[in-house]
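> next comes the sequence, and after it the predicted model I'd like to discuss.
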Amino acid sequence: METQRQATLNAARQAGFRNVSLLNEPTAAAIAYGGVIDQQCTVMVFDFGGGTLDITIMKVEGREEYRMLTTDGNMYLGGEDFDNEIVQYFLEDIEKKTGHNLSEDNKARALLKLVAEQAKIALSNDIPRYHETVYSLEALFGIQYEAELTKETFQGMFQGLLKKILEPVKGALEATQLTVKDIDRVILVGGSSKLPAVKSTLEKFFGRSNVVCADANPDEAIAHGAAIQSYRLNNGQPSNFQEVTAYPYGIEVLHRNWLWRTTRIAELIPRGQPYPYKTTECFETAYDNQTAVTFQIYQSKRGFHVDKFRIGLFTIPNLPKRMKGECQFELTYDIDRNNILHATTQGRNNIADYKKNLDIQLDNIA
């Protein structure tokens, strides 16, 4: 996200770092796996964390060239969803065995979530059955409950979630017009990717057991890759990255027809656009004697016709007073090498001497 990247830059500068260069997490992961993947191959980075799933397809050419082709994902799917499935199983089991319905009790859910996380870790290894007496439930609610979960039940309760993790995988393949046979390696990143059910689901989908690569520690792969790249930069070793935008950029503009005025989102920078990138669009004032124009900036997960979320705004100030439509100006949007958006404006025709660098005010940044 734009706000997260800018916040990262701000934090690095406040900490005293100079010449900060942001590295996308999928690229860092690919660098970390550089010793075990072929020097020329097509890689899918499967980054499955506690709350989100990110899919990236990239071309690797040697040890120094990484070209991102597309990104996809689900911002609302992660390991926590698997924990919640286990919690729901325990709640239903408690009601069945004791007659107590604790589904609306936040304390009970919090206690069971800790048990669920422990069960998930245990059953993800070679333990066939998880069993624990939940003494905290007895202390708080007077309920004697022994949490039991077999590996078979554990693996069976995630079928719906496992289908969901394949949706962005298919979306990324469609966006690049690739097939499963074109993917040489699937790199696992993030703690939730360590679930055996996740790995086996990917192996079944790609039809090859050796395509899924988990040689590096999924919890440390991104940090490991960033450290390697930092070493390369400090030692003058060349590297070539071509990264792309994960989400499109758009601004809200006025749309007029002969009956009424409405607003719409004008897409300026598409999803999957390689950067650095610059584009220019022309606009005009909508009212007589209008001296300022404020544009709200949006991004979208699935296309502006489906959803949108605002990331910030900027204002073009001190425009000369003219009749509506007579004050025309160009807006130039520039994404730098760190995937940070910048904007400038230049007047046209009778206000050609008007030129400003615009201050983009991002949301949710202190």
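Now that the structure is in, tell me what you want to look at.
> any regions of the stretch 201-350 of the chain where pLDDT drops low?
The stretch 201-350 of the chain contains residues with pLDDT under 70 at 255-261.
> all strands for it, in order.
212-213, 240-244, 249-256, 261-269, 274-275, 277-284, 293-299, 309-316, 328-335, 341-347 (DSSP state E, counting those that start in this stretch).
> pipe these into JSON lines and attach mean neighbour count and distance to residue 187 per row.
In short, each C-beta sits where N, CA and C put it, glycine included. JSON lines is the format used below for those (neighbours: other CB atoms under 10 Å; distance: least, CB to CB, whole Å):
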{"stretch": "strand 212-213", "mean neighbour count": "19", "distance to residue 187": "5"}
{"stretch": "strand 240-244", "mean neighbour count": "17", "distance to residue 187": "16"}
{"stretch": "strand 249-256", "mean neighbour count": "16", "distance to residue 187": "28"}
{"stretch": "strand 261-269", "mean neighbour count": "15", "distance to residue 187": "27"}
{"stretch": "strand 274-275", "mean neighbour count": "16", "distance to residue 187": "21"}
{"stretch": "strand 277-284", "mean neighbour count": "14", "distance to residue 187": "26"}
{"stretch": "strand 293-299", "mean neighbour count": "20", "distance to residue 187": "26"}
{"stretch": "strand 309-316", "mean neighbour count": "18", "distance to residue 187": "28"}
{"stretch": "strand 328-335", "mean neighbour count": "18", "distance to residue 187": "26"}
{"stretch": "strand 341-347", "mean neighbour count": "18", "distance to residue 187": "28"}
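> and those strands as a markdown table, adding distance to residue 78?
Output for these, formatted as a markdown table (distance: least, CB to CB, whole Å):
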| stretch | distance to residue 78 |
| --- | --- |
| strand 212-213 | 19 |
| strand 240-244 | 23 |
| strand 249-256 | 25 |
| strand 261-269 | 27 |
| strand 274-275 | 27 |
| strand 277-284 | 30 |
| strand 293-299 | 20 |
| strand 309-316 | 18 |
| strand 328-335 | 27 |
| strand 341-347 | 27 |
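> just give me the neighbour total for residue 55.
Other residues lying near residue 55 total 26 when counted by other CB atoms under 10 Å.
> center of this protein, which residue is that?
residue 54 (5.4 Å; CA atoms, centre = their mean).
> who's in contact with that residue?
Taking CB atoms under 8 Å, 6 or more residues apart in numbering, we find residue 54 in contact with 25, 26, 45, 47, 71, 72, 73, 168.
> same thing with residue 243?
Counting by CB under 8 Å, 6+ apart, residue 243 makes contact with 24, 27, 68, 274, 275, 339.
> related to what we said a few turns ago, in helices only, show me the contacts of residue 54.
By the criterion of DSSP state H, membership of the contacts of residue 54 in helices covers 25, 26, 168.
> and the gap between the closest residue to the last one other than its chain neighbours and residue 247?
Read that as residue 168. In space, and not counting its chain neighbours, residue 168 is closest to residue 72: 4.0 Å by CB to CB, 6 or more residues apart in numbering. Here the criterion is CB to CB, to the nearest Å. By it, residue 72 lies 11 Å from residue 247.
> in terms of neighbours, single out the busier of these two.
More crowded of residue 72 and residue 247, by other CB under 10 Å: residue 72, with 24 against 20.
> start to end distance for stretch 334-352?
20 Å (CA to CA, to the nearest Å).
> what sits up against that stretch?
By CB under 8 Å, 6+ apart, the residues outside stretch 334-352 that reach it are 2, 5-6, 9, 20-22, 24, 243, 245, 249, 269, 273, 275-278, 282, 297, 314, 316, 319-320, 322, 326-333, 353-358, 360.
> I'd say the residue nearest to residue 168 and residue 166 touch.
No - the pair residue 72 and residue 166 does not pass the contact test of CB atoms under 8 Å, sitting 11.2 Å apart.
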